[in-house]
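Peer 1: Let me see the structure of the following:
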Amino acid sequence: MRRSRKAGFVRQLAVWMVGALWLHPAHSAELQVPAEPGALAHAIMTAQAGDHLRLAPGTHSGPVVIDRSLVLDGGGQAVLVGSGEGSVVTIAADTVTVTGLTIRGSGLSHEFNDAAVRLLKGVRGAVVRDNRLLDNLVGVDVHGAIDTRVFGNLIEGRQDLRVNERGNGIYVWNAPGLIAEGNTIRYGRDGIFVNTSSDDTFRANRFEKLRFAIHYMHGNDGVIEGNVSIGNDIGYALMFSDRLTIRGNESVGDRQHGLMLNYANLSVVEDNLVREGGEKCLFMYNANKNQVRGNRFERCPIGIHFTAGSADNLFVGNAFLGNRTQVKYVGTRDLDWSAGGRGNYWSDHAAFDTNGDGIAETAYRPNDLMDQILWTQPSAKLLLGSPAVQLLRWTQSQFPALMPGGIIDRAPLMHPPAAQARDAGVDRQMTHENGGAS
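Peer 2: Below is the predicted model:
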């Protein structure tokens, strides 16, 4: 028995040693790269796979192509400047790390997605972390790379261009296994733009001064969680995608929609906070079989705009707080927004709870017949103060059978669900961003 255990230990040790040699080849070295013209390109050309290139403080010239497994380390003090054409750093090999650099000076070609860092198709295991990617067209272009990690970067686009002329902070095409985490992205077109990619994760990123914070197109099985969008046109635009998980995100003061689901199906939208949006907290257009639960929609002109045949969606445990119109829905069918004897909280629902179970005694309908008339015939607003309109609304309140089809919550909550500890998180992040280096 002892001999068997000893033999097993020896085998495990041998496997570990072989793995260590593969990860850290015997010829790997740490090389110092001076801040001189052409020095970095020469260092990359002469380096061996596994080498660690430490760039001296100062300005280094690009563009460069990394065609072997290397670590490019700026130590937080090196600046890499491109020629104004093409991408500044192109990663063309597996297991490359780019870290601690300020990178600027890409070209302006949208056809080729000129970027601070571009990863080529098929590259595996690249890491882009703790960099400052400033004044480039695209921050990071993950173009067909696999299992990429992009985290802790500050990405600021070209402020001298109009928004639609700028590139995206992170451009994603066919990049399964990508994780983008803890990045701050400003002044681009979209913060993260996904075009035909699956199984990606976008976590704890911060987005400001953009068109869309996250723009998801034709991507499935993605995870979007813990992100913060402040003052963009749209926070999270999720389109033509299935089986997404949208959890614990914030949208604060986004000018149009905080969340938009357009042909997004079979997804989970939970524990998000949308507040003070310019138009709609949540816009759902032909989005089906989604679970919308535990979210807070606060102080938007419209809490949820629900339209274009969206069907079989679950709405439960959400809080609608102080929206001018809680729900906008024009339809002939009754849609029950409660499940298992539990619905949602509505700040404008005056109701009683005689048995103390936390569920209101009366159902809640956010819209009546007059709402539908006003949405389809805006000129009817002239009649809002007339006795006929007041009589119609009173009659419907006394005789619910006269109500049109629409949203009904048969088990509205008496109190909003406990708020996630996110408000303070936004304030802390804003204080850090305003007081720290940008």
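Peer 1: Please make it C-alpha for all contacts and neighbour counts, starting now.
Peer 2: Will do.
Peer 1: buried residues in stretch 53-65?
Peer 2: Across stretch 53-65, burial judged by 16 or more other CA atoms under 10 Å covers 53-57, 59-65.
Peer 1: which residues are in contact with it?
Peer 2: Residues from elsewhere that reach stretch 53-65 (CA atoms under 8 Å, 6 or more residues apart in numbering): 30-41, 43, 70-75, 77-83, 86-92.
Peer 1: follow-up on the earlier one: put together CSV for the buried residues of stretch 53-65, with secondary structure on each row.
Peer 2: Below are these laid out as CSV (DSSP: H, G, I helix; E, B strand; the rest coil):
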residue, secondary structure
53, strand
54, strand
55, strand
56, coil
57, coil
59, strand
60, strand
61, strand
62, coil
63, coil
64, strand
65, strand
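Peer 1: still on that earlier bit, give me the subset of the contacts of stretch 53-65 that lies in strands.
Peer 2: Counting by DSSP state E, these place 30-33, 71-75, 77-81, 89-91 in strands.
Peer 1: Would you mind giving me the ChimeraX syntax to select the buried ones in those residues?
Peer 2: Buried members of the ones in strands among the contacts of stretch 53-65, defined by 16+ other CA under 10 Å, are picked up in ChimeraX with:
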select :33,71,72,73,74,75,78,79,80,81,89,90,91
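Peer 1: which residue sits closest to residue 139, ignoring its sequence neighbours?
Peer 2: Distances taken as CA to CA, 6 or more residues apart in numbering put residue 169 closest to residue 139, at 4.7 Å, once the chain neighbours are dropped.
Peer 1: repeat for residue 363
Peer 2: Spatial nearest neighbour of residue 363, chain neighbours left out: residue 410 (4.4 Å); criterion: CA to CA, 6+ apart.
Peer 1: Residue 175 and residue 91, how far apart?
Peer 2: 14 Å (CA to CA, to the nearest Å).
Peer 1: Kindly report the same for residue 42.
Peer 2: 16 Å.
Peer 1: Please apply the same query to residue 220.
Peer 2: Relative to residue 91, and taking CA to CA, residue 220 is found at 26 Å.
Peer 1: Over to residue 285?
Peer 2: In terms of CA to CA, residue 285 sits 39 Å off from residue 91.
Peer 1: where in the stretch 301-438 of the chain is pLDDT low?
Peer 2: Applying pLDDT under 70 to the stretch 301-438 of the chain flags the ranges 308, 330-332, 367-405, 419-438.
Peer 1: Tell me which stretches of it form helices.
Peer 2: Ranges of helices within the stretch 301-438 of the chain are 369-376, 387-398, 423-435, based on DSSP state H, counting those that start in this stretch.
Peer 1: Given the helix or strand where residue 171 lies, what are its sheet partners and their directions?
Peer 2: For residue 171, the element it lies in under DSSP states H and E is strand 170-173. Taking DSSP bridges as the criterion, strand 170-173 pairs within the sheet with strand 138-143 (parallel), strand 190-195 (parallel).
Peer 1: Name the stretch among those that sits most buried.
Peer 2: By mean neighbour count, with neighbours taken as mean count of other CA atoms under 10 Å, strand 138-143 ranks first of these at a mean of 28.
Peer 1: Which residues does that one contact?
Peer 2: Strand 138-143 is contacted from outside by 113-121, 133, 148, 155-157, 166-175, 188, using CA under 8 Å, 6+ apart.
Peer 1: Now the element after it, going C-ward?
Peer 2: strand 149-151.
Peer 1: which secondary structure elements does that following strand contact?
Peer 2: Counting contacts by 3 or more CA pairs under 8 Å, 6 or more residues apart in numbering; DSSP states H and E, strand 149-151 is packed against strand 127-129, strand 179-181.
Peer 1: Show the pLDDT at the residue nearest to the spatial centre of the chain.
Peer 2: Against the mean C-alpha coordinate of the chain, by CA atoms, centre = their mean, the closest residue is residue 214 at 4.3 Å. Residue 214 is assigned 98 on the pLDDT scale.
Peer 1: which residues sit in contact with it?
Peer 2: So residue 214 contacts 190-194, 235-238 (CA under 8 Å, 6+ apart).
Peer 1: before we move on, the earlier item: give me the contact list for the strand holding residue 171.
Peer 2: Under the contact criterion CA under 8 Å, 6+ apart, strand 170-173 has outside partners 138-144, 191-197.
Peer 1: if I look at residue 139, how far off is residue 410?
Peer 2: Distance from residue 139 to residue 410, by CA to CA: 48 Å.
Peer 1: Residue 312 and residue 280, how far apart?
Peer 2: 21 Å.
Peer 1: Which one of the two is surrounded by more residues?
Peer 2: residue 280 (32 against 14; other CA atoms under 10 Å).
Peer 1: The more buried one is in contact with residue 300, isn't it?
Peer 2: Yes - Residue 280 is in contact with residue 300 according to CA atoms under 8 Å; the separation is 5.8 Å.
Peer 1: shared neighbours of the two, anything?
Peer 2: By CA under 8 Å, 6+ apart, no residue touches both residue 280 and residue 300.
Peer 1: Residue 187 - nearest residue in space that isn't next to it in sequence?
Peer 2: residue 157 (4.9 Å).
Peer 1: Pretty sure that neighbour sits against residue 164.
Peer 2: No - using CA under 8 Å as the test, residue 157 is too far from residue 164 to be in contact (11.7 Å).
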